[in-house]
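In: Okay, here's the prediction I keep looking at, along with the sequence it came from:
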Amino acid sequence: MLEQQSILALLQTFEVTARHLSFTLAAHEMNLTQGAVSHRIRRLEMHIGFRLFIRMTRKLALTEEGKRLLATLSHSLRAINDEIEDIRDQDLRGTLHIGIAPTLAHLWLMPVSYTHLRAHETRHDLVCRLLLEKKKKQLKKKK
């Protein structure tokens, strides 16, 4: 299992490096040194038995094998990420109903809710309904 995890880390390094076509930019994104990225790529190439990059002076290019692997790897990583998001979304579906005094809602809940919703604005399915106690009492009187 340790070897499989190591290969996955090497593949991730390859994907980031291939996306940037730069050891330096990949190192920056992954919080590694340029040497560590280069070493990981060499280890991956040794493990799989073929070269992924053509190394030129201050420049990288993908080999044909590197292009094929990148296409498959990018597709696979997108599929995995989409599945993780789908699973994560399933747990967060539903409606949140909150009954609260108007003053507390105005002074505390609304600012906190706004901040939270802005931080998670990519989640379009998040629904929050606020039912103020004062409004609730008015509705009961009308009936």
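Out: Received, thanks. Keep in mind that this is a model prediction, so the values were computed, not measured. Residues are numbered from 1 along each chain as shown.

In: ok, and what's touching whatever helix or strand Ser6 lives in?
Out: Assigned by DSSP states H and E, Ser6 falls within helix 2-20. With Cβ atoms under 8 Å, 6 or more residues apart in numbering as the test, helix 2-20 has contacts from 23, 26, 29-30, 37, 40-41, 43-44, 47, 52-53, 60, 62, 66, 69-70, 73-74, 77. No exception for glycine: its C-beta is placed from N, CA and C like everyone else's.

In: moving C-terminal of that helix, what's the next helix or strand?
Out: Taking DSSP H and E, what comes next after helix 2-20 is helix 23-30.

In: Can you spell out which helices and strands pack onto that next one?
Out: With contacts taken as 3 or more Cβ pairs under 8 Å, 6 or more residues apart in numbering; DSSP states H and E, helix 23-30 sits against helix 2-20, helix 34-48.

In: angle of the last one against helix 23-30?
Out: Using axes from the mean of the first three to the mean of the last three Cα atoms, to 10 degrees, the inter-axis angle of helix 34-48 relative to helix 23-30 is 100 degrees.

In: Show me what counts as buried in helix 34-48.
Out: By neighbour count with 16 or more other Cβ atoms under 10 Å, helix 34-48 contains the buried residues 37-38, 40-41, 44-45.
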